[in-house]
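Engineer: After the sequence you'll find the predicted model.
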Amino acid sequence: MWPGGGYSRGESMSGRIAMAPIKSSWPIIVARLSLCLLVWGAMVPAALAADRNEPKRLLLLHSFGRDFRPWSEYARSIKAEFEQQSSFALDIQEHTLLSARFNSPGPEAPFVDYLRSLYRASPPDLVMSLGAPAARFVQKYREQLFPDTPLVMTAVEQRLVNRGALTQNDVVIPVRNDFTAFFGSILQVLPETRTVAVVIGASPLEKFWLDEVKREAKPFEDRFELIWYADLSFEEILKRASTLPPHTVLFWQLMSVDGVGVAHEGDLALRRLHAVANGPIFSYQEAFFGRETVGGPMHSISESSKETVSAALRIFAGEKPGDIKIEPIGFAAPRYDWREMQRWGISESDLPTGSEVLFRERGLWERYRWQMAMIAAAFLVQAGLISGLLHERRRRRLADVESRQRLAELAHLSRYAAAGEMTTSIAHELNQPLGSILTNAETAELMLKSASPNLDELRAILADIRRDDQRASEVIRRLRSMLKKTPFEIRDIELNNTVRDVIGFVADVAKGRGVVLNYLPATAELRVRGDPIHLQQVVLNLVVNALDAMSEIQTGKREINVTTNVSGAWAEIRVGDTGAGIATDDLKSIFNPFFTTKPQGMGMGLAIARTIVEAHHGTISAANAPSGGTLFKIKLPIARQAFALQQHD
Ligand code: ADP
């Protein structure tokens, strides 16, 4: 309950003190007067302070309900304005007329009685009506309810104010519905529009507005057809709105009571309509903008609220309401909902000049700024890593090429060394055919000196000379190919032949050293990817080492067995000897550079051999054979194509 009295309490208190009877003599009078002044002096500031703290009482009367858009939005905005603008406490009590939500005038008397009994003892400081039905109600019953209370009628269309009943205690903050501007703006943004369907109810107020709409739409008769749903149930309206013919727009006017007498809460009704409608919805009420309507020229709630609150404050400050005159407020500058524009294909270039576009959907970048930044950062880091790795790979490749070149050079030197070691054998190998050639040539000369040389014999001698010459040439060819300085070059080779060449090269050397050199190639072709000269060097090195190992033994078999064969996906070369074998402790070191047990050894042969084999993605190993001697195994991957064919066979 509101406390009684309000700012009239201070007045009545000072009045009572002033009217106290004067009966005593002068001294007593003076004493009493002094006392009175003291008491008065003490009480007045307290009373004024109480007055300042006393909240102003405002009765806010709604037309349809506290949550009925658009008026609910006006109420919210007015309260927010009061909070901002007033320096005193305000007690707002809100009531709602229910009678406006009947399609025939509802019973008003009980509501009047209710308000009268509520406020008879302590009328409010100000009455404020929201919307036309509330304005009409307070004007009608103000004599009975609040004859002396100032009245502010706001959010009411100018046509619905009963100007004749206005008193000096009333202020109107009217709005003006400009249907011509409204329809004009629809045609501007959607020039193809052929039908405007008015969604409106059947209450007396809605009927009034329908007539007004029809009247003001007359100038547009040749541009579009006006239809209205005033006689339909809202369910039927929803059905029709979902199957609108092309180029039809919906005009959301007001829906408080539908054609079959069902009352609707505006907010929910519009949401349902928006959910099913297959055409754009227009309304000049800002309260619907931002959710369901396209936009256009609309009443500005904040503009009306500001005017309303400033009028109320002027009244509270003592100004006479009758002196406050406010012109009807028209539509504000047009505003459009970007999302609805996209939905209905409204181009920004078609909007009236001065339009504002709101609710633009933020682009991916704006919406996921952080996530995108993180992804971009991760992407950059990844790109940096990739380029770093690529750079590293390139460097490794260069290093690889470099190391192969060095290897080739080293291998070349190593071959020279091996050839040097075998000079005697090679010289012997060359001397033999050369000696035969000389002997045969001398014999032939002698035969030619006779009177009748035996031609058949001469022919045989010449054939021998030719054969020996070829033999000598072959020795030189092999030596040259062994000593050729070649870069490391991988290609498809046949391993049996590669190994055979080495055997041919050292066969005589072995023979000269009294060693039996056997070669047993694989029965099938052995295709690998490799550099033949370097692989030959590896085999040669193993054979020369085996020959060396054999030179130490005095008794027993002196034999070297070289074989090639297939072992799964690998081509295998085995070089076994019947030498003294390798001391168990030395086995793990023999592939290390400079490891040697020979007085004149360099200890580089096996180190180079391992490097060459690994450059071919293969392996080399050594073991002592159980029967004595050493067995070296080289494994090289069979060329992929050859392996596939082999599997197929
Ligand atoms: P070098 O022949 O100059 O010593 P290598 O690297 O070719 O260098 O060989 C290293 C060592 O491995 C040899 O000194 C020898 O002790 C041992 N070795 C290699 N092959 C055999 C073999 N078939 N039998 C016994 N020992 C071997």
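Structural biologist: All right, it came through fine.
Engineer: what about the strands in the stretch 401-550 of the chain?
Structural biologist: With DSSP state E, counting those that start in this stretch, the ranges of strands along the stretch 401-550 of the chain come out as 491-494, 516-520, 527-530.
Engineer: could I get these as JSON lines with distance to Glu225?
Structural biologist: For glycine as for every other residue, the C-beta is placed from the backbone atoms N, C-alpha and C. Listed next are those as JSON lines, based on distance: least, CB to CB, whole Å:
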{"stretch": "strand 491-494", "distance to Glu225": "86"}
{"stretch": "strand 516-520", "distance to Glu225": "105"}
{"stretch": "strand 527-530", "distance to Glu225": "85"}
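Engineer: Can you tell me which of those strands is most buried?
Structural biologist: strand 527-530 (a mean of 22; mean count of other CB atoms under 10 Å).
Engineer: right, and the strands of the stretch 401-550 of the chain - which one's nearest the ligand?
Structural biologist: For the ligand, the closest of those is strand 516-520, at 13.3 Å, according to CB to the nearest ligand atom.
Engineer: pLDDT of the closest one, averaged?
Structural biologist: Across strand 516-520, pLDDT averages out at 96.
Engineer: again with stretch 614-628
Structural biologist: In this model, stretch 614-628 carries a mean pLDDT of 93.
Engineer: Could you confirm whether that stretch reaches the ligand?
Structural biologist: No. Residues of stretch 614-628 are not located near the ligand by CB under 6 Å from any ligand atom, the shortest gap being 7.0 Å.
Engineer: Could you pull out the buried residues of that stretch?
Structural biologist: Using 16 or more other CB atoms under 10 Å as the burial criterion, the residues of stretch 614-628 that qualify are 615-616, 618, 620, 622, 624.
Engineer: which two from those residues end up farthest apart in space?
Structural biologist: For the buried residues of stretch 614-628, the maximum inter-member distance is 26.8 Å, found between Ala615 and Asn624 (CB to CB).
Engineer: all strands for the stretch 151-300 of the chain, in order.
Structural biologist: Counting by DSSP E, counting those that start in this stretch, the stretch 151-300 of the chain has strands at residues 151-157, 170-175, 195-200, 225-228, 248-254, 281-282, 295-298.
Engineer: Would you reformat those as CSV and include mean pLDDT?
Structural biologist: Formatted as CSV, these follow (pLDDT from 0 to 100):
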stretch, mean pLDDT
strand 151-157, 95
strand 170-175, 96
strand 195-200, 95
strand 225-228, 95
strand 248-254, 94
strand 281-282, 97
strand 295-298, 96
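Engineer: Out of those strands, flag the one nearest the ligand.
Structural biologist: Per CB to the nearest ligand atom, nearest to the ligand of those: strand 295-298, 91.2 Å.
Engineer: and for the closest one, what are the contacting residues?
Structural biologist: With contacts defined as CB atoms under 8 Å, 6 or more residues apart in numbering, strand 295-298 is touched by 178, 181-182, 185-186, 189, 282-286, 289, 331-337, 340, 352, 358.
Engineer: next one: stretch 442-449
Structural biologist: With CB under 8 Å, 6+ apart, stretch 442-449 has contacts from 453-454, 457-458, 461-462, 465.
Engineer: ok, 10 Å please
Structural biologist: Under the contact criterion CB atoms under 10 Å, 6 or more residues apart in numbering, stretch 442-449 has outside partners 453-455, 457-458, 460-462, 464-465.
Engineer: Would you mind naming the helix or strand containing Val138?
Structural biologist: Element membership for Val138, per DSSP states H and E: helix 132-145.
Engineer: Okay, and which of the buried residues of stretch 614-628 map to strands?
Structural biologist: 620, 622, 624 (DSSP state E).
Engineer: Now render the strands of the stretch 151-300 of the chain as a markdown table, adding mean neighbour count and distance to the ligand.
Structural biologist: Below are the strands of the stretch 151-300 of the chain laid out as a markdown table (neighbours: other CB atoms under 10 Å; distance: least, CB to the nearest ligand atom, whole Å):
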| stretch | mean neighbour count | distance to the ligand |
| --- | --- | --- |
| strand 151-157 | 25 | 106 |
| strand 170-175 | 23 | 107 |
| strand 195-200 | 22 | 101 |
| strand 225-228 | 15 | 105 |
| strand 248-254 | 23 | 96 |
| strand 281-282 | 24 | 94 |
| strand 295-298 | 24 | 91 |
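Engineer: quick one on the thing from earlier: make JSON lines out of the buried residues of stretch 614-628 and add distance to Ser242.
Structural biologist: Output for the buried residues of stretch 614-628, formatted as JSON lines (distance: CB to CB, whole Å):
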{"residue": "Ala615", "distance to Ser242": "78"}
{"residue": "His616", "distance to Ser242": "77"}
{"residue": "Gly618", "distance to Ser242": "78"}
{"residue": "Ile620", "distance to Ser242": "84"}
{"residue": "Ala622", "distance to Ser242": "89"}
{"residue": "Asn624", "distance to Ser242": "95"}
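Engineer: In contact with the residue nearest the centre of the chain, which residues?
Structural biologist: What sits nearest the mean C-alpha location of the chain, by CA atoms, centre = their mean, is Met372, with 5.3 Å. For Met372, the contacting residues are 364-366, 379, by CB under 10 Å, 6+ apart.
Engineer: Taking those together, which two end up most distant?
Structural biologist: Applying CB to CB across those, the maximum distance is between Glu366 and Phe379, 19.1 Å.
Engineer: Compute the number of surrounding residues for the nearest residue to Val112 once chain neighbours are set aside.
Structural biologist: If the residues on either side of it in the chain are set aside, Val112 comes closest to Tyr141, at 5.2 Å by CB to CB, 6 or more residues apart in numbering. A count of nearby residues for Tyr141, using other CB atoms under 10 Å, gives 16.
Engineer: wait, Tyr141 sits on Ser129?
Structural biologist: No. Using CB atoms under 10 Å as the test, Tyr141 is too far from Ser129 to be in contact (11.1 Å).
Engineer: Need the nearest residue in space to Asn624, chain neighbours excluded.
Structural biologist: Excluding its sequence neighbours, the residue lying closest to Asn624 (CB to CB, 6+ apart) is Gly581, at 4.2 Å.
Engineer: Report pLDDT for the one you found.
Structural biologist: 93.
Engineer: List the contacts of it.
Structural biologist: By CB under 10 Å, 6+ apart, the contact set of Gly581 is 549, 587, 622-625, 628-631.
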